[in-house]
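Engineer: Generate coordinates for the sequence data below:
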Amino acid sequence: MSEPQAFQDIAENLSFLDDWEDRLNYLIELGQALPEIPETDKTAENKVKGCVSNVWLVSSADRSGEQPVLRFTGQSDAIITKGLVAVLLALYSDRPAREIAETDAIAWFKTIGLSEHLGMQRSNGLVAMVNRIRAEGKALS
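Structural biologist: Reported below is the predicted structural model:
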């Protein structure tokens, strides 16, 4: 199974950036481009547990096809975490639930060189976001 084009584009852009500071700035830019979610979606139910910063993930399922497809939106109040949310949305959103459940974003973050410089708190938050997204995929697959 291949990754969505939006994620492939991010991975390709990161491959041109050798310096961690440049990668971090790109991550921040991705977060800044992330559309805001409505205040009504910033609920306790949508808040990701296990993140130090505030992170909200909102999912909706399209069940019109053979397999349910999940769409995610998200937001964070921390600029770097917001960039991580943007990368996760590019990897997981608008995919069949089964694929979401099977896709290990942590492995992909290592492959594209984003995990090696994340501190312990951001790494734990990233794992919490991935676990939440994959659990929603498993629940529908």
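
Engineer: Work out which residue lies at the spatial centre of this protein.
Structural biologist: L88 (1.6 Å; C-alpha atoms, centre = their mean).

Engineer: What is the helix or strand of the chain with the lowest mean pLDDT packed up against?
Structural biologist: Within the chain, no helix or strand scores below helix 105-111, which has a mean of 88 by mean pLDDT, DSSP states H and E. Secondary-structure packing of helix 105-111 (3 or more C-beta pairs under 8 Å, 6 or more residues apart in numbering; DSSP states H and E): helix 5-15, helix 79-92, helix 120-140. Glycine gets a C-beta too; all of them are placed from N, C-alpha and C.

Engineer: Apply 7 Å and report the result again.
Structural biologist: Judged by 3 or more C-beta pairs under 7 Å, 6 or more residues apart in numbering; DSSP states H and E, helix 105-111 is in contact with helix 79-92, helix 120-140.

Engineer: Ok, which of those comes nearest K110?
Structural biologist: helix 120-140 (10.9 Å; C-beta to C-beta).

Engineer: you'd agree the residue nearest to the centre of the chain is up against M129?
Structural biologist: Yes. Assessed by C-beta atoms under 7 Å, L88 is found in contact with M129 at 5.8 Å.

Engineer: CA atoms only for the least confident helix or strand of the chain, dumped as CSV, please.
Structural biologist: Taking Å, rounded to 0.1, in the frame of the first residue of the first chain, the C-alpha atoms of helix 105-111 are listed here in CSV:
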residue,chain,number,x,y,z
ALA,A,105,3.4,6.4,11.3
ILE,A,106,6.2,6.1,13.8
ALA,A,107,8.2,3.9,11.4
TRP,A,108,7.5,6.5,8.6
PHE,A,109,8.7,9.3,10.9
LYS,A,110,12.0,7.4,11.3
THR,A,111,12.2,6.8,7.6
